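Pasted the sequence and its predicted model underneath.
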Amino acid sequence: MRVVIADDSPLLREGVAKVLTGAGFDVVAQAVDGDDLLLKVRSYKPDVAIVDIRMPPTHTDEGARAAEQIRAEHPDIGVLILSQVIEATYALRLFSERPQGFGYLLKDRVLDLDGFVGAVRRVANGGTAVDPEVVAQLLGRRRPNDPVSELTERELAVLSLMAEGRSNQGIGHALFLSPKTVETHVHRIFRKLDLDLAPDDHRRVLAVLAYLNRG
Amino acid sequence: MKSSARLWAVAVAGAALGVLGYRSMTRDLESPWWQAVPSVAVAWTFLVAGVIAHWRRPASRLGTLMQLVAFALLLRKFEYSGSSALFTLGFAFGAVFVAAFGHAVLAYPSGHLHDRLERTVAVVAYAFALVVPIAILLVYDPRLSCLFDCSSPTRVRPESLLLVHGDENLVSILRDVVAVGLYGVLGAVFVVLIVRRLLEATPRARRMRGPLLLAGAAAGLRAISESVFSVVSRSTFEGLLLFSIEEIVQAAVPIVLLVGLLRERLARAGVADLLRELEETPPDEVAAAIGRVLGDPSLEVAFWMPARRAYADGAGRDFPLPEDDRARAVTKLEHDGAPIAALVHDPSLLEEPKLIEAVGAAARLALENARLHAELQAQLVKVRESRTRLVTAGDEERRRIERDLHDGAQQRLVALALELRLAQRELGGATNPAVERVLTTAVDTLQLAVNELRELAHGVHPAILTQAGIAAALEDLARRTPLAVTIAEAPADRLPADIEATAYFLVCEALANAVKHANASEVTISVVREAGMLVISVVDDGRGGANSDGQGLRGLADRIEARGGRLWVESPPGAGTRVVGEVPCAS
């Protein structure tokens, strides 16, 4: 799998490149800012681009804007945004258009090498990677008579992983459960929350996030 | 006393000349009394006005000029006298009245003419009015020509005492020269000069001199008509009509002149009222009160700011004094050699220096007071500006620290942790459990440090605010608050960074209070743009009784006021707290 990495910190760029190369990725190019990234994505046509959200010159949201452009120009290229801070509202805004092949993770998630590699692979394959922090923030919002409070601890864990964009198989892997058990949990969660079962993982992510973010 | 003796002499001489003139008109010209009486009365009006003007305003030449007009008018009656001596005297000097009349109108109120053009015209007029009549006297022989009342068979024709050689044609030509030159050409020039004056006049000058100049213009037109009728013959009725107009206009001029001269005295009586009025006038209305007394609504006051060594307006803003010109004039007021203020006014006021002086003296205390007020305002403006700068600098500093934390320390710590993690994978693992343990601990510690830095940076200035604006930042804030927070309204678009920061920190502080002190369970936030203001309100259902002078709320009020806004805190015990702030925000 071919990867382009964009980050203005060479140390971090190199670190991420080392992690991904070690996991069998082909890091075809590294970029230092938004324009550089667009140029390299156009010429290398990677499977996935890993993008720091704050880059020169303004250090605000160049990464997000470059990501938007990549997704518009090359819908088949996955984009994983890394950020020093994660904010749920902003995340939902990024995901609402099209969660396929898109990820938004806290930068320090790279320290969980396997989890990070898995997320990159998922996004490269057209899947979704939502930072657990987003899910935590959405779950942290208190509401009176919230059906979420009726979920068991295990069901809550499954719900969180669903919201992060994991497949049943991925959830089973993370929680040491058989795929069949995971499926039972998912059914029960949807019934308790009065949600319709979504036909694919993308729509399942959106449905869960939308539910958690409801007014 | 000497001057008053002179005035008495002038009055007595004028009265005597008037009686003689009346006799000349009624006896020799056989004018009816209703023509002779107004004719003498006009001359006497000039005389009385001139004497009063001289008495009241000895410095102004205007009184003398009006007396000159009066005597010329009186001498003019002798033109009709049967006595050769009186006739010669009257004819030689009577026409001077025309030049002196124009001179007086144009020289009002200072007694001086404005510019070279006016002075030149005046010299020409005087010369003309003296030279041509005397020239006529040199060649006038009553046996050859007739000057007045030629149809009367009984009339005694006086002789010119200056006769050198009688020449009928020359007399007729010279009389045409007087009619066309003195009445026609100079009359027209006079009207033009008056129109020029009216056009150039400032509003106050136009108000003050308008009536006189209009009367002068009417007299000028009357003179021109005299010139026209020397060519075109006129009926008796037209002659009478013109005579009446002439008398009315001529009588109006001295009265208008006198009223104008005395008006300043009346205005000075108003100074006493000003003194009383100023005691109750707020500092920002002192200029208007002074303007009223001086009859100049355009008057402005500039206050001397010793610290800046410059003039400022009542609000303390710089007020550069205009150059003295035709449009504005400046009078500086001082006390004991130290400047207090400057009046910027209509230049026509310069002609009444006594009045300005009196007003300046009367208003000194009020002006000094207003000056201190302006100085205070200026300092307030400065303090306000510096406060805004401080808050802005503080906000910028917060943003900078947040960026430095994220892009500097935090970034490096993550990179370092990643290095260690990679080292751990290579060196640790099951083969070297000691290294594995040490590196795991190191990475975990770094991870903690990164999290702490993130929280710290968020507290300093939330990245989401710069990244996504106030609405997203408030939602983030709502999620982080352990209460049921409803965001009723928030602008989805971006606002200026300083306004976003102000609104954000207001909500932050209010939410923190709701959590810490109010024991609230529900909070409603709304941020709305309304008529150029951003109105931010945070309402909780807690126990109320918040102290708006407490450190948190006081700091909040300072922050909002520094942005030119206001903060209200309503917190009745037991009925929740309502914090509302508004800041100017162009939409």
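Great, that's in hand.

Please enumerate the helices of chain A.
Taking DSSP state H as the test, the helices found in chain A are A:10-22, A:34-44, A:62-73, A:88-96, A:113-124, A:132-140, A:153-164, A:168-175, A:179-192, A:201-212.

Does the last one reach chain B?
No. If you take CB under 8 Å from any CB of the partner chain as the test, helix A:201-212 misses chain B, and the best it gets is 10.8 Å. For glycine as for every other residue, the C-beta is placed from the backbone atoms N, C-alpha and C.

in that helix, what counts as buried?
A:Asp201, A:His202, A:Arg204, A:Val205, A:Leu206, A:Ala207, A:Val208, A:Leu209, A:Tyr211, A:Leu212 (16 or more other CB atoms under 10 Å in any protein chain shown).

Around B:Leu198, how many other residues sit close by?
Here the number of neighbours of B:Leu198 (other CB atoms under 10 Å in any protein chain shown) works out to 15.

picking that back up, ok, of the buried residues of helix A:201-212, which one's closest to chain B?
Closest approach between the buried residues of helix A:201-212 and chain B, by CB to the nearest CB: A:Leu212, at 10.8 Å.

quick one: the closest one and A:Thr89, what's the gap?
12 Å (CB to CB, to the nearest Å).

try B:Leu380
Relative to A:Thr89, and taking CB to CB, B:Leu380 is found at 41 Å.

what's the answer for B:His103, then?
For B:His103, the distance to A:Thr89 - CB to CB - is 87 Å.

out of these two, which sits in the busier spot?
Between B:His103 and A:Thr89, counting by other CB under 10 Å, B:His103 is the more crowded of the two (26 against 21).

Can you tell me the element that one falls in?
helix B:96-107 (DSSP states H and E).

export that helix as CSV, just CAs?
What follows is helix B:96-107, C-alpha atoms only, in CSV (Å, rounded to 0.1, in the frame of the first residue of the first chain):
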residue,chain,number,x,y,z
VAL,B,96,-19.8,114.8,-1.6
PHE,B,97,-22.8,113.2,0.2
VAL,B,98,-22.9,110.5,-2.5
ALA,B,99,-19.3,109.4,-1.9
ALA,B,100,-19.6,109.7,1.9
PHE,B,101,-22.8,107.7,1.9
GLY,B,102,-21.2,104.8,-0.1
HIS,B,103,-18.1,105.0,2.1
ALA,B,104,-20.1,104.7,5.3
VAL,B,105,-22.1,101.7,4.1
LEU,B,106,-19.0,99.8,3.0
ALA,B,107,-17.0,100.8,6.0
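
That one: what's the following helix or strand?
Next along the chain after helix B:96-107, taking DSSP H and E as the criterion, comes helix B:116-139.

contacts for that next one?
If you take CB atoms under 8 Å, 6 or more residues apart in numbering or on different chains as the criterion, helix B:116-139 is touched by B:88, B:91-100, B:102-103, B:106, B:113, B:160-167, B:170-171, B:174-175, B:177-178, B:181-182, B:186, B:189-190, B:193.

got the angle for it vs helix B:96-107?
Angle, helix B:116-139 to helix B:96-107, by axes from the mean of the first three to the mean of the last three CA atoms, to 10 degrees: 170 degrees.

Could you give me the buried positions within helix B:116-139?
Buried-residue list, helix B:116-139, by 16+ other CB under 10 Å: B:118, B:121-122, B:124-126, B:128-129, B:132-139.

any weak-confidence spans in the stretch 51-200 of chain B?
Applying pLDDT under 70 to the stretch 51-200 of chain B flags the ranges B:149, B:152-154.

Report how many residues lie close to the residue of it found nearest chain A.
As assessed by CB to the nearest CB, chain A sits closest to B:Glu200 within the stretch 51-200 of chain B, at 59.8 Å. Applying other CB under 10 Å, we find 12 residues neighbouring B:Glu200.

Other residues contacting the strand or helix carrying B:Ala16?
Counting by DSSP H and E, the element that carries B:Ala16 is helix B:2-23. Here helix B:2-23 makes contact (CB under 8 Å, 6+ apart) with B:36-37, B:39-40, B:43-44, B:47-48, B:50-51, B:54-55, B:58, B:67, B:70-71, B:74-78, B:81, B:86.

In ChimeraX, how would I select the buried members of the contacts of helix B:116-139?
To isolate the buried ones among these in ChimeraX, judged by 16+ other CB under 10 Å, type:
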select /B:88,91,92,93,94,95,96,97,98,99,100,102,103,106,113,160,166,167,170,171,174,175,178,181,182,186,189,190,193
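
Now do stretch B:8-23: distance to the chain's middle.
Counting by CA atoms, centre = their mean, to the nearest Å, stretch B:8-23 is centred 48 Å from the centre of its parent chain.

One more: stretch B:118-129?
37 Å.

and if you look at stretch B:344-363?
For stretch B:344-363, the distance to the chain centre is 14 Å (CA atoms, centre = their mean).

what sits against residue 202?
This is for chain A. Counted by CB under 8 Å, 6+ apart, A:His202 has contacts A:Pro99, A:Gln100, A:Gly127, A:Thr128.

Chain B, not that one
When contacts are counted by CB under 8 Å, 6+ apart, B:Thr202 touches B:Arg326, B:Ala327, B:Asp346, B:Pro347, B:Ser348.

any idea what sits nearest the fourth one, other than its immediate chain neighbours?
Read it as B:Pro347. Spatially, and ignoring its direct neighbours in sequence, B:Pro347 is nearest to B:Ala329 (3.9 Å; CB to CB, 6 or more residues apart in numbering or on different chains).

From what I see, that neighbour and B:Ala342 are in contact.
No. In this structure, B:Ala329 is not within contact of B:Ala342 by CB atoms under 8 Å, at 10.4 Å.

The contacts of A:His202: which two are farthest apart?
Within the contacts of A:His202, two members stand farthest from each other by CB to CB: A:Pro99 and A:Gly127, at 8.7 Å.

Name the residues contacting each of these two.
Common contacts of A:Pro99 and A:Gly127, defined by CB under 8 Å, 6+ apart, comprise A:Gly165, A:His202.

Could you check how far the closest residue to B:Pro58 other than its chain neighbours is from A:Val48?
Spatial nearest neighbour of B:Pro58, excluding adjacent residues (CB to CB, 6+ apart): B:Ser3 at 6.4 Å. Computed with CB to CB, the distance linking B:Ser3 and A:Val48 is 110 Å.

which of these two has more neighbours?
Under the criterion of other CB under 10 Å, the comparison of B:Ser3 against A:Val48 puts A:Val48 first, with 25 against 10.

beta partners of the more buried one?
Legend: beta-bridge partners of A:Val48 under DSSP bridges are A:Val3, A:Gly78.

where in chain A is pLDDT low?
Judged by pLDDT under 70, the stretches of chain A that qualify are A:141-143, A:215.

Now do the same for B:Asp1: its pLDDT.
Rather than Asp, residue B:1 is Met. We have a pLDDT of 47 for B:Met1.

Kindly report the same for B:Gly565.
With respect to pLDDT, B:Gly565 scores 92.

which SS state does the closest residue to it other than its chain neighbours fall under?
Leaving aside its chain neighbours, B:Gly565 sits nearest to B:Val583 (3.5 Å; criterion: CB to CB, 6+ apart). Secondary structure state of B:Val583, per DSSP: H, G, I helix; E, B strand; the rest coil, is strand.

and B:Val583, bridged to which residues?
Taking DSSP bridges as the rule, B:Val583 bridges to B:Leu534.
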